[in-house]
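Q: with the input below, show me the fold.
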Amino acid sequence: MRDFKSLKKAKVKENRRRQDKQPRDWKKIFHRLLRVSVIVSSLVLMVSGGFLGLRVLFSSDYFRLDSVQVVDAERVSHDEILALSDIQNGTCIFDLDLERIGRKIEEDPWIARAQVERVLPREVIIRVEERHPCAIVNLGYLYYMDAQGTLFKLLEPEDRLDFPVVTGIDRNFLLEKPEEAHGMLTEVAQLIEELKGRSRFNLDDVSELHIDPEGGIDLYTYVGGVPVHMGYNNYSTKLDRLESIYKELEPRLTGLKYIDLNVLDRVIVKVDTRHTSEKG
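A: Residues are numbered from 1 along each chain as shown. Purely as a prediction, here's the structure:
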């Protein structure tokens with residue numbers, strides 16, 4: 001018969017031997033701590049030295065701005081853009097807030113976008129994208145409109161007037177329904193762009209574009225002021241139909257009441273009977 005007491009004592013002794021702690025090697029631990037301390041101290045010194053070196057370098061004359069180049073500016077002069085940027089020669093190139101400078105330049109109504117770049121060590125390049133008017137919008141006051149349908153500048157006495165005039169949208173409508181108004185102006189801008197590439201009937205033949213929120217866009221011919229009902233959309237196809245007969249219509253413009261291009265595959269021409277009776 002097995003002796004369970006002796007077996008139990010043997011297990012207890014065995015467990016006690018496993019739990020005996022080995023003496024710590026304090027010398028080895030000390031060397032490890034010393035090595036870590038040296039590495040950390042070295043890293044701190046390197047970072048501090050690098051930071052101090054950069055501060056000294058940045059505060060030196062090596063990165064002092066001495067040249068500002070303006071690219072793609074035509075309507076707005078180099079000096080005007082520099083004045084808007086408020087960039088001063090001698091400023092550390094890394095102290096310039098490029099986004100803020102770009103926003104300041106874009107405050108000029110002729111500037112659509114301004115991108116400012118650093119060119120190390122001492123130069124800044126300002127790339128501008130200017131707006132170009134495609135029409136004049138009459139809101140009581142006259143405003144330039146660009147090819148995106150954006151009103152960007154109130155006309156001044158020295159501004160050019162040789163652009164088609166857009167009517168039909170008043171100031172209150174623009175303020176109360178800006179998205180709808182902008183959509184209509186965008187349609188007008190698309191129609192103007194389509195007219196630019198035409199040979200038989202183009203912008204030179206148009207004096208006014210009138211927006212009717214319900215009926216769409218009406219062109220008014222330069223000769224005779226005849227309304228041409230364009231509606232919305234499919235401007236290329238409609239102008240193709242008009243151009244196909246415009247050679248015959250052009251001598252008769254003063255006797256026409258309107259031209260309607262909104263009917264599919266045909267051009268409806270309405271003769272002004274009053275003009276005919278007066279002539280007879």
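Q: okay, strands next: where are they in this structure?
A: Taking DSSP state E, the strands of the chain run over residues 67-71, 111-119, 123-130, 133-138, 142-146, 151-154, 165-167, 206-212, 216-221, 227-231, 256-260, 268-271.
Q: Throw the ones you listed into TSV and include mean neighbour count, distance to residue 94 and mean pLDDT, thanks.
A: Yep, even glycine has a C-beta here, placed from its N, CA and C like the rest. Shown next, in TSV, are the strands of the chain (neighbours: other CB atoms under 10 Å; distance: least, CB to CB, whole Å; pLDDT from 0 to 100):
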stretch	mean neighbour count	distance to residue 94	mean pLDDT
strand 67-71	14	15	95
strand 111-119	17	8	96
strand 123-130	18	11	97
strand 133-138	21	39	97
strand 142-146	21	35	98
strand 151-154	17	33	97
strand 165-167	19	47	97
strand 206-212	18	50	95
strand 216-221	21	52	96
strand 227-231	20	55	96
strand 256-260	17	63	96
strand 268-271	13	67	93
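Q: for those strands, which one sits closest to residue 194?
A: Among the strands of the chain, the nearest to residue 194 by CB to CB is strand 227-231 (9.8 Å).
Q: residue 185: what's it in contact with?
A: 137, 145, 149-151, 166, 169, 211 (CB atoms under 8 Å, 6 or more residues apart in numbering).
Q: how about CSV for these, with distance to residue 76 added?
A: Formatted as CSV, these follow (distance: CB to CB, whole Å):
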residue, distance to residue 76
137, 22
145, 18
149, 22
150, 17
151, 18
166, 24
169, 28
211, 30
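Q: can you list the weak-confidence ranges in the stretch 1-150 of the chain?
A: 1-31, 34, 38, 41-42, 44-60 (pLDDT under 70).
Q: returning to what we had before: okay if I get the strands of the chain as CSV plus distance to residue 33?
A: Supplementary listing: the strands of the chain in CSV, determined by distance: least, CB to CB, whole Å:
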stretch, distance to residue 33
strand 67-71, 54
strand 111-119, 45
strand 123-130, 51
strand 133-138, 75
strand 142-146, 70
strand 151-154, 69
strand 165-167, 81
strand 206-212, 82
strand 216-221, 83
strand 227-231, 86
strand 256-260, 94
strand 268-271, 97
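Q: quick one on the thing from earlier: out of the contacts of residue 185, who's nearest residue 92?
A: Out of those, the member with the shortest distance to residue 92 (by CB to CB) is residue 150, at 36.7 Å.
Q: which two of the contacts of residue 185 lie the greatest distance from each other?
A: 150 and 211 (15.5 Å).
Q: so who does the residue nearest to residue 270 when sequence neighbours are not counted touch?
A: Of all residues not flanking residue 270 in the chain, residue 257 sits nearest, at 4.2 Å (CB to CB, 6 or more residues apart in numbering). Shown in contact with residue 257 (CB under 8 Å, 6+ apart): 226, 270-273.
Q: what is the neighbour count of the residue lying closest to residue 243 once chain neighbours are set aside?
A: Leaving out its chain neighbours, the residue that sits closest to residue 243 by CB to CB, 6+ apart is residue 200, at 4.1 Å. Residue 200 has 14 neighbours, counted by other CB atoms under 10 Å.
Q: for residue 200, phi and psi?
A: Backbone torsions for residue 200, taken as degrees, to the nearest 10, come to phi -80, psi -40.
Q: how near is it to residue 134?
A: From residue 200 across to residue 134, the span is 20 Å (CB to CB, to the nearest Å).
Q: so residue 235 touches residue 189, yeah?
A: No: taking contacts as CB atoms under 8 Å, residue 235 lies outside contact range of residue 189: 11.1 Å.
Q: overlap of the contact sets of the two?
A: By CB under 8 Å, 6+ apart, no residue touches both residue 235 and residue 189.
Q: need the contact list for residue 163.
A: Contacts of residue 163 (CB under 8 Å, 6+ apart): 133-136, 144.
Q: sorry, slip of the keys, the one I care about is residue 32.
A: Residue 32 neighbours (CB under 8 Å, 6+ apart): none.
Q: and residue 68, how far from residue 117?
A: Residue 68 is 11 Å from residue 117, where distance means CB to CB.
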